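> Here is a sequence together with a model predicted from it:
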Amino acid sequence: MLDVCLLGTAGMMPLKNRFLTSLYTEYQGSGFLIDCGEGTQVALSYHGLKMSRITYILITHAHADHISGLPGLLLSIGNNGRTAPVTVVYPESAEYCIKALLTVCGELPYEIVLQPTSDSEPHAFNAKEISPDLRIRSMPVSHTVPCVGYSAILNRRPVFIPEKAKALGVPVDKWKELHSGNSVTLDNGKVVTTENVIGSPRKPLKLTYVTDSLPLPEIAALATDSDLFICEGMYGDTSKKKSMNEKGHMLMQDACGLAAAAGVRRLWLTHFSPAVKEPQIYAEELKELFQAVIVPEDGTKIQLK
Ligand SMILES: [Zn+2]
Ligand SMILES: [Zn+2]
């Protein structure tokens with residue numbers, strides 16, 4: 001299962017009651033963060049999350065509201081006792097910015113691994129420091145500077161079914177070996193394989209995060225079948241569509257259209273303009289566009305399973 005927390009929902013600048021847009025996801029005690037605007041370490045602490053577990057930091061683009069919190073967070077991760085490496089992933093053209101921000105960190109008690117991703121084409125890698133079963137995809141979107149969206153896909157192994165092992169006469173002390181993928185030989189010479197004691201294949205868990213972009217059809221392709229799609233919705237006022245799209249942003253309604261096209265299970269909107277004081281007022285009318293939309297508060301959590 002993936003434990004997900006939307007740390008903040010603000011776009012452009014943090015407000016006194018709204019942290020900047022950032023997402024933290026944890027799997028079996030290690031986590032990845034997407035975006036790191038100013039004050040992200042405060043949001044993590046405020047929502048009761050352990051910074052020392054952050055293993056990957058994924059940056060969408062080099063705008064201040066998505067990146068300027070990096071030095072403070074990296075220092076806080078060190079102060080919270082981490083000694084294992086942290087990998088920072090970012091669009092390749094943002095490398096100068098990442099390196100500049102690192103210069104103010106001084107010596108950190110752990111290694112930073114820089115891992116650029118493509119500005120111009122989709123890319124994928126296994127987040128093996130969290131789990132070999134977790135794959136991260138990045139895809140260029142369309143903003144005023146190079147920007148990428150991310151999907152995280154957790155492949156799930158079929159569950160071990162003790163009743164099957166019992167029925168085949170496998171003693172309990174051999175269950176762990178079977179569960180880890182090895183065959184076992186019973187006293188009577190019979191060989192039992194993992195396939196004999198597991199359930200049917202399970203659908204992977206998928207999470208997609210896209211902010212600061214025009215509503216490109218490719219975003220729906222990236223988000224297809226996501227259990228949770230987190231997407232920018234700067235405004236809910238449709239009269240702002242033209243001006244927002246011209247600035248490389250999208251409306252709540254654009255995000256609902258993408259979610260419907262992608263067939264996602266649920267949509268959380270984020271990156272609200274500071275001018276939108278009560279984004280929740282749009283929730284009911286948005287449901288007509290996409291039923292499973294939520295206009296979340298900061299700190300909204302879910303366990304995907
Ligand atoms: Zn932004
Ligand atoms: Zn931006």
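That came through, no problem. None of the values given here were measured: they were computed from a predicted structure. Numbering: from 1, shown residues only. Ligands and ions are numbered 1, 2, ... in the order given.

> Identify each buried residue in stretch 160-170, please.
Residues of stretch 160-170 classed as buried: 160, 165, 170 (neighbour count, 16 or more other C-beta atoms under 10 Å). To be clear about C-beta, it is placed using only N, CA and C from the backbone, and glycine gets the same treatment.

> My error: substitute stretch 68-82 in the last question.
Taking 16+ other C-beta under 10 Å as the neighbour-count basis, stretch 68-82 is seen to contain the buried residues 68-78, 82.

> Out of the residues you listed, list just those in helices.
Within those, membership in helices is found for 70-78, as judged by DSSP state H.

> which parts of the protein sit against ligand 1?
11, 65, 212 (C-beta under 5 Å from the ion).

> you'd agree the second one is up against Gly11?
Going back to what we said before, that points to Asp65. Yes: Asp65 sits in contact with Gly11 when judged by C-beta atoms under 8 Å, with a separation of 6.4 Å.

> Now do the shared contacts for these two.
Taking C-beta atoms under 8 Å, 6 or more residues apart in numbering as the criterion, Asp65 and Gly11 both touch 20-21.

> more neighbours, these two?
When neighbours are counted by other C-beta atoms under 10 Å, Gly11 comes out ahead of the other of Asp65 and Gly11, with 27 against 23.

> residues contacting that one?
For Gly11, counting by C-beta under 8 Å, 6+ apart, the contacting residues are 20-21, 65, 211-212, 232, 234, 249, 270-274.

> which of those count as buried?
Of all those considered here, the ones buried according to neighbour count by 16+ other C-beta under 10 Å are 20-21, 65, 211-212, 232, 234, 249, 270-273.

> could those go into TSV alongside secondary structure?
As requested, the buried ones among the contacts of Gly11 are exported to TSV (DSSP: H, G, I helix; E, B strand; the rest coil):
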residue	secondary structure
Leu20	strand
Thr21	coil
Asp65	helix
Thr211	coil
Asp212	coil
Glu232	strand
Met234	coil
His249	coil
Thr270	strand
His271	coil
Phe272	strand
Ser273	coil
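
> Can you name the two of the ones in helices among the buried residues of stretch 68-82 that sit furthest apart?
Within those, Leu70 and Gly78 form the most distant pair, 12.8 Å apart (C-beta to C-beta).

> Around ligand 2, pick out the residues from the protein.
Counting by C-beta under 5 Å from the ion, the chain sits next to ligand 2 at 63, 212.

> Show me which residues of stretch 112-128 are buried.
Judged by neighbour count (16+ other C-beta under 10 Å), stretch 112-128 contains these buried residues: 112, 117, 119, 122-123, 127.

> now for the residues you listed, which pair is the farthest apart?
Checking the buried residues of stretch 112-128 against each other with C-beta to C-beta, the farthest-apart pair comes out as Ile112 and Pro122, at 24.8 Å.

> Same list, the buried ones among the contacts of Gly11, but as a markdown table with distance to Lys99 and pLDDT please.
Putting these into a markdown table (distance: C-beta to C-beta, whole Å; pLDDT from 0 to 100) gives the following:
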| residue | distance to Lys99 | pLDDT |
| --- | --- | --- |
| Leu20 | 22 | 98 |
| Thr21 | 23 | 96 |
| Asp65 | 20 | 98 |
| Thr211 | 23 | 98 |
| Asp212 | 22 | 98 |
| Glu232 | 27 | 98 |
| Met234 | 30 | 96 |
| His249 | 27 | 97 |
| Thr270 | 28 | 98 |
| His271 | 26 | 98 |
| Phe272 | 31 | 98 |
| Ser273 | 30 | 97 |
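
> Could you work out the most separated pair of those?
Maximum pairwise distance in the buried ones among the contacts of Gly11, criterion C-beta to C-beta, is 15.0 Å, between Leu20 and His249.

> Which members of the buried residues of stretch 112-128 occur in strands, if any?
With DSSP state E as the criterion, strands contain 112, 117, 123 from among the buried residues of stretch 112-128.

> so which of those residues comes closest to Leu101?
Of all those, Leu101 sits closest to Ile112, with 10.6 Å by C-beta to C-beta.

> Appreciated, that's everything.
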